[in-house]
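Visitor: model this:
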Amino acid sequence: MKVGTDAVLLGAWASVGDAKRILDIGTGNGTIALMLAQRSIDLAQIDAVEIETTDALQAEENFNQSPWRDKVHIHHSSIQSFYPDKKYNLIVSNPPYFSNSQSPPDQRRYHARHTIRLNHIDLTSAAVRLLEDDGKFNVVLPYEEGIRFMELAETKMLYCSRRFSFRTRAEKKVERLLIEFQRQPQATETGEIILYKDKSGELWDNSYVNLTKEFYLKL
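Guide: Predicted coordinates for the structure are as follows:
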């Protein structure tokens, strides 16, 4: 699985702070988990859950070759079957979001992008079950799916505390929402991230550079 912009955004944007117990649901190749390992305190432990065997093996290989091999742990499991003996200060997920579209020929890509194995009801239920009372739950989703996800989360008493929009250029429509949830209702912090400064697609906008510069060698 390639490293996508969604993963980079979430890995750089999620509220890590002093979190000691972090969970990445649907880690794929482990990009987000490794970014959180880089950003988190030395004592932090990160559990990365992945149901697809090939992806779990790739994530494990990536973890073992990283400087954070002692911080990040792969769990080959569905989140529905994942019952650890702890709760988490921070939960993140770059979840599937297509539910009624034609399936592509690549089945791994299909399962990664479609809700067939992880629907949003199961995801929010897992967050409620595994999140500390004062913990934070962060996701990235396309705009329309993000709006619906916020409505669903509120029925589970998870309330939006931070929401940033992402678009490739200033004149484009919002393409993604980065959303943070907490258990207690509160004022929502808002912001925006833009990828490119102009139509040429050659210069990154300062908002994207400032967020992600710790993860790109060329910046």
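
Visitor: Longest strand of this protein, counting residues only.
Guide: For the chain, the longest strand by residue count, based on DSSP state E, is strand 131-142.

Visitor: tell me which residues in that strand are buried?
Guide: 131, 135, 136, 137, 138, 139, 140, 141, 142 (16 or more other CB atoms under 10 Å). Backbone N, C-alpha and C define where each C-beta goes, glycine included.

Visitor: hey, what's the first one bridged with?
Guide: Per DSSP bridges, residues listed as beta-bridge partners of residue 131: residue 88.

Visitor: ok, now how distant is it from residue 88?
Guide: According to CB to CB, to the nearest Å, residue 131 stands 6 Å off from residue 88.

Visitor: ok, the nearest residue to residue 202 once chain neighbours are set aside - how many residues close by?
Guide: Excluding the flanking residues, the one nearest residue 202 by CB to CB, 6 or more residues apart in numbering is residue 196, at 7.6 Å. Using other CB atoms under 10 Å, the number of residues around residue 196 comes to 17.

Visitor: surely residue 196 meets residue 203?
Guide: Yes - the pair residue 196 / residue 203 is scored as a contact, 6.6 Å apart, by CB atoms under 8 Å.

Visitor: so what sits against both of the two?
Guide: Between them, residue 196 and residue 203 share no contacting residue under CB atoms under 8 Å, 6 or more residues apart in numbering.
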